[in-house]
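Q: Need a 3D model of the following:
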Amino acid sequence: MNELEYKDFYDKVGKINGWDFSKLQVTSEGIEWDFYEEVIRRSKVTDVLLDVGTGGGENVLSIASSFHSVFGIDISSGMMETAKSNLNKANVSNVEFKQMSSDHLEFPFDSIDVVSCCHAPFFSNEVAKVLKNGGTFLTQQVSEGDKLNLKNAFGRGQAFGVVDGTLKETYLRELKEAGFQSVESFDYNSVDYYHRPEDLLFLLKHTPIIPHFGYEDKDFQILNDFIENNLTPKGIITNSKRFLIIAIK
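A: Numbers count the residues shown, from 1 in each chain. Purely as a prediction, here's the structure:
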């Protein structure tokens, strides 16, 4: 999936679903943190938060009361439609959503206390530009080893064949080059059990884990075989591999 195809896919998902996977029935073992709980834990109620790649805004709307004000940005018009619809339904007055690319953050220099970014691309120099001195940047990203048995079954997938840890090392280097004084990273590799085949199907249709899933008839046979071969008493087994970076400017 090239960049243009991914943007089109992401925009369509934004209009239909936002970035809401709360209805999935899945049990995970080995998750070591909740990203937005980490954001709250490392912030103050007087802080201004910028959430890069906010999707449908579901996460920042749920934590808005922990901040003075919150900005959520996303490049996708579809995601922004969903985010603004979610905002209209929420009893929240300190959140603003803007359609904006992460490669050009249109905020004043040194104006943001905390920047968060979950499963979205970011540019270290842009984050450093808008973040105050002493401010905190937190990002959680998907490691190359994520959903490994699923990608092996299909013979393709998000970052398939890329050495695990490549993205993390790239981001760590770029943040240090951008002038962040403290840069730490953490990892986990959880075991996930999807309770029903439709939960796994929903995931594949609404994420780029398997690019162009469903475009070929054989995809559904591969999926059926995968479910049969990976069904356990707890559910259909796969993994979630994530890394967390916390950087202080």
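
Q: drop to CA atoms for contacts and neighbour counts, all remaining ones
A: Noted.

Q: hey, where'd the helices end up in this structure?
A: 3-16, 35-41, 58-63, 77-89, 124-130, 148-154, 166-177, 197-206, 218-229 (DSSP state H).

Q: OK, contacts around L105?
A: When contacts are counted by CA atoms under 8 Å, 6 or more residues apart in numbering, L105 touches 126-127, 130.

Q: Who wins on neighbours among those?
A: V127 (27 neighbours; other CA atoms under 10 Å).

Q: Can you tell me how far that one is from S62?
A: 23 Å (CA to CA, to the nearest Å).

Q: same question, E38
A: 14 Å.

Q: Pass me the low-pLDDT residue ranges in the protein, would you?
A: Low-confidence segments of the chain (pLDDT under 70): 1-21.

Q: Quick check: phi and psi on the spatially most central residue of it?
A: Geometric centre of the chain, nearest residue: H119, 2.1 Å, by CA atoms, centre = their mean. As for H119, its main-chain torsions (degrees, to the nearest 10) stand at phi 60, psi 40.

Q: ok, now which ones touch it?
A: 53, 139-142.

Q: just the buried members of those?
A: 53, 139-142 (16 or more other CA atoms under 10 Å).

Q: Nearest to H195, out of the residues you listed: which one, please.
A: V142 (21.8 Å; CA to CA).

Q: On the strand side of things, show who that closest one bridges to.
A: R242 (DSSP bridges).

Q: surely it meets N239?
A: No. With contact defined as CA atoms under 8 Å, V142 does not count as touching N239 (11.2 Å).

Q: hang on, the earlier thing: same list (the buried ones among the contacts of H119) but as TSV, adding distance to F202.
A: Shown next, in TSV, are those (distance: CA to CA, whole Å):
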residue	distance to F202
G53	21
T139	25
Q140	22
Q141	20
V142	18
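
Q: nearest to T27, of those residues?
A: Nearest member of these to T27, counting by CA to CA, is V142, at 18.1 Å.

Q: and the closest one, how far is that from C118?
A: V142 is 9 Å from C118, by CA to CA.

Q: Repeat that for S85.
A: 21 Å.

Q: ditto for L231
A: Counting by CA to CA - L231 and C118 are separated by 29 Å.

Q: out of the two, which sits in the more crowded spot?
A: More neighbours surround C118 than the other of L231 and C118, with 20 against 17 (other CA under 10 Å).

Q: In contact with the nearest residue to the more buried one once chain neighbours are set aside, which residues?
A: Once flanking residues are discounted, C118 sits nearest to Q140: 4.8 Å by CA to CA, 6 or more residues apart in numbering. Residues near Q140 by CA under 8 Å, 6+ apart: 35, 117-119, 242-245.
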